[in-house]
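A.B. asks: Sequence first, predicted model second:
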Amino acid sequence: MSKHTIVVCDHIHEDGLNILQNTEDVNYVYAADIDKTELLNVIKDADVAITRSSTDVDEKFLTAAVNLKAIIRAGVGYDNVDMEGCSKRGIIAMNVPTANTIAAVELTMAHMLSCMRKFPYAHNQLKQDRIWKREDWYGNELFGKKLGVIGFGNIGHRVALRAKSFEMEVVTYDPYIPSTKATDLGINYTNNFQDILDCDIITIHTPKNQETLDMIGEEEIAKMKDGVVLINCARGGLYNEDALYNNLKSGKIAMGGIDVFIKEPAIDHPLLDLPNVTVTAHLGANTKESQKQIAIQAAENAIESARGIAYPNALNLPIDESKIPSFVKPYIELTQKMAFLSAQIDKSAIRSISVCARGEIAEYLDSLNTFATVGALTVSSGDEVNYVNAKFWAEEKGITIDSNVMANNTSGYSNKVTVKITTEKGTTSISGTVFDENVQRIVEINDFVFDIEPKGKMIIMRNNDIPGVIGEVGRLLGDNNINIADFRLSRGKDGALAVILVDEKVCANTLKELNSLEAARSVSYAQI
Ligand SMILES: NC(=O)c1ccc[n+]([C@@H]2O[C@H](COP(=O)([O-])OP(=O)(O)OC[C@H]3O[C@@H](n4cnc5c(N)ncnc54)[C@H](O)[C@@H]3O)[C@@H](O)[C@H]2O)c1
Ligand SMILES: O=C(O)CC[C@@H](O)C(=O)O
C-alpha cells in the first residue's frame, strides 16, 4: 500500500497525533520539536503538512517542500502562510476556522477583566512580594462601560454577547456584515469608525491583512478618550505597536491587554517593560478543549486531503472567494466525496463525469464540476490530481466532463447535487444535499433513496429483494471478523441496494464470498 507522508510541524493535541498514527495509509512524521532549519530537510518528503502559528509557511518552506500537495493551518489566522506561493505550486491551503473560537473569546474577556482590575499586578504584589496593600488596587468595572468591537465574526460577536451579559453597552464596526447580524443580537452597529474610537474599551477581532495592519495608530489613538483600554487577542500589528507603546507609556491608554505580537516569540518586546500591560504568549487558542478539537479536525482533514477525497475549509479555491457564499463550500466537499465514492463503486475506465444541480447551488456548477473531477480521478490517479490540474488530466484521458441544471425536482430538497460517472460498464449516479450549515448527506444512489453520512468504510451491495439477505450478509461478515457499524437498505421496483458501514477494511476474498450469495447482483467496497 502506498503511504501518504503527513508532517506535523508544530505542537498539536495528542488525539490528533493518534489519528495520524493509527491510519494505515499514513506515514506520520512528528517534527514539532526540531529546529526550523532542520524542518526544511524533513518537509521535503511531506505530502501534507500541519502547522500552527510557530511555523512560517514562506518561500523557504515552500521551496523545500517539493512534494507538498496540501497544508493545514491548525487554527484560524493564515497570515503566516504565503497563499500566493501555495497557489502557484498547486498546494491547497486549509484552516480549521471555528474550533478555537471559544478559547479566544474567553481569553479576550480574561484580558479585559485583568486590565480593569489590574489583576496580575495585584496578584504578584501579594504572592511574590508578600505585600498586603489594598489601597494600591482600585480597579474599574466593566458594568456600564462602552465597548467597541472591531470585527464581528466568530470571535468578535461572541465577545460582544459576553460583554452584554456584564451589562456593558456594545457597538461593533465591521463593514463586511449586514448590520442586522449585530442588531438582531441587541448589539449596536456602526459604520462610523469614530463611534469605536469614542469607547471606554476597544477590542479587535479582524484577520490581519493589508487593510487591517496598523488599523489603530497614533492618529486614531489621539481621537480616543484619555484612559481608554485596548485589547488585542487577534494579531500583532493590528494596533501599531510603536503607537501602542508610546501611548501606554504616556498614560493616554490606561491599560493594554495583549496576546499577540508582530514578531513572536516576543520575549524582548518593549511592551513587556510597561507596568500597564497584561500580556500572554499568543495563548488565545490554548485551551485543552480547543486544542483537542483542532488537532482532531486538522488530522482528519490532512488525511482526507492526502487521499484527495476533500479539502475542507480550503482557502485558495480555484474560484473567486469573494463571490462564494459560505453555504457553497460544504457542497463542494460533498460533490468531491460523491464522485470519489462513485468511482470506487464501479472501478473501471471512466468515460464521462457529469454534475447536475438544482437550487441556489446550481449557480456554482463550474466549481462543483472541478471538484467532482478531482474526486473521480483520485481513485485511479491518486493524490497527483488536484483542482489545479484535474481538468487537464481528464482531457488527457479522453474523459468528457459536463454539468447542467436539474430539470425537475421530485425529492423535495431545495438544493441537491447529483454526480454521474459513466464507465465502460455503466453509470453510477449519487446525489447529496447539505442540512443546516454543514451536515452533508448522500440521499440517493442509483435512484435508491438513502440518508448516509459520506464517511467511513462501506460495502455497497445490489441484491434481489428476497427474505434472509440481511441475515446471510451479517453471518458472512461475522465469519470474516468484520463488524457491521450500520446497515442501510433501500428497496426499489427492481430489487434493493444495501450500504453496509463496517469497522474494518474488507478484502477481495470477502467481497467475492458476498458476491456469490444467491441474492447478490453486484458488490463493491469503498472508503471515504
Ligand atoms: N490569539 C489567538 O490565539 C487567536 C485564536 C483564534 C483566532 N485569532 C485571530 O482572531 C481574529 C478573528 O478570528 P475569527 O475566527 O473571529 O475570524 P472571522 O473570519 O470569523 O471574523 C473576522 C471578522 O472581521 C471582519 N473584518 C475583516 N476586515 C475588517 C475590517 N477592515 N474592519 C472591520 N472588520 C473587518 C470580517 O468581516 C469578519 O466578520 C483573526 O485574526 C484570527 O487569526 C487569534
Ligand atoms: O495556536 C496557534 O497556532 C494560533 C492560533 C490562533 O492565533 C489562530 O489564528 O487560530
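C.D. replies: Right, received. Where do you want to start? Ligands and ions are numbered 1, 2, ... in the order given.

A.B. asks: A519 touches P467, doesn't it?
C.D. replies: No: here A519 does not reach P467: they are 9.3 Å apart, not a contact under Cβ atoms under 8 Å. Just so you know, the C-beta spots here come from the backbone N, C-alpha and C atoms, and that holds for glycine as well.

A.B. asks: which residues are contacting whichever helix or strand Q440 is part of?
C.D. replies: Following DSSP states H and E, one finds Q440 within strand 439-445. Here strand 439-445 makes contact (Cβ atoms under 8 Å, 6 or more residues apart in numbering) with 330, 333-334, 337-338, 341, 345, 411, 413, 416, 418, 428-435, 449-454, 460, 490, 497, 499.

A.B. asks: what's the following helix or strand past it packed up against?
C.D. replies: Toward the C-terminus, strand 439-445 is succeeded by strand 448-452 as the next helix or strand (DSSP H and E). For strand 448-452, the elements it packs on are strand 439-445, strand 484-492, strand 495-502, judged by 3 or more Cβ pairs under 8 Å, 6 or more residues apart in numbering; DSSP states H and E.

A.B. asks: Tell me the strands beside strand 448-452, with direction?
C.D. replies: strand 439-445 (antiparallel) (DSSP bridges).

A.B. asks: ok, and for the strand it pairs with, which residues are buried?
C.D. replies: 440-445 (16 or more other Cβ atoms under 10 Å).

A.B. asks: The strand holding Q440 to strand 484-492, inter-axis angle?
C.D. replies: In terms of direction (axes from the mean of the first three to the mean of the last three Cα atoms, to 10 degrees), strand 439-445 departs from strand 484-492 by 50 degrees.

A.B. asks: Using the three-state scheme, assign the residue in the stretch 401-528 of the chain that ligand 1 sits nearest to.
C.D. replies: When scored by Cβ to the nearest ligand atom, the stretch 401-528 of the chain has E437 as its residue closest to ligand 1, at 13.4 Å. Three-state call for E437 (DSSP: H, G, I helix; E, B strand; the rest coil): coil.

A.B. asks: What is the burial count for it?
C.D. replies: E437: 9 surrounding residues under other Cβ atoms under 10 Å.

A.B. asks: same question, L272
C.D. replies: L272, neighbours per other Cβ under 10 Å, totals 12.

A.B. asks: what about the spatially closest residue to it that is not a sequence neighbour, neighbour count?
C.D. replies: Excluding its sequence neighbours, the residue lying closest to L272 (Cβ to Cβ, 6 or more residues apart in numbering) is V279, at 6.2 Å. Using other Cβ under 10 Å, V279 has 20 other residues around it.

A.B. asks: So V279 versus ligand 2, what's the distance?
C.D. replies: To ligand 2, V279 is 15 Å away according to Cβ to the nearest ligand atom, to the nearest Å.

A.B. asks: I figured that residue hits I258, correct?
C.D. replies: Yes: contact criterion Cβ under 8 Å: V279 and I258 qualify, at 5.2 Å.

A.B. asks: got any residues that touch both of the two?
C.D. replies: Residues touching both V279 and I258 (Cβ under 8 Å, 6+ apart): L271.

A.B. asks: before we move on, the earlier item: nearest to ligand 2 among the buried residues of strand 439-445?
C.D. replies: Looking across these and measuring by Cβ to the nearest ligand atom, the closest to ligand 2 is Q440, at 23.9 Å.

A.B. asks: beta partners of that closest one?
C.D. replies: V434.

A.B. asks: and the residue of the stretch 1-150 of the chain nearest ligand 1?
C.D. replies: G77 (2.5 Å).

A.B. asks: Quickly note the distance from that residue to K425.
C.D. replies: Per Cβ to Cβ, to the nearest Å, G77 is found 48 Å from K425.

A.B. asks: more crowded one of the two?
C.D. replies: G77 (18 against 12).

A.B. asks: Where does the closest residue to ligand 2 within the stretch 201-350 of the chain sit: helix, strand or coil?
C.D. replies: Nearest to ligand 2, among the residues of the stretch 201-350 of the chain, is A285, at 3.7 Å (Cβ to the nearest ligand atom). Put simply, A285 is coil when judged by three-state DSSP.

A.B. asks: neighbours of it, just the number please.
C.D. replies: 24.

A.B. asks: Strands of the stretch 101-250 of the chain, start to end?
C.D. replies: 146-150, 169-173, 188-190, 201-204, 228-232 (DSSP state E, counting those that start in this stretch).
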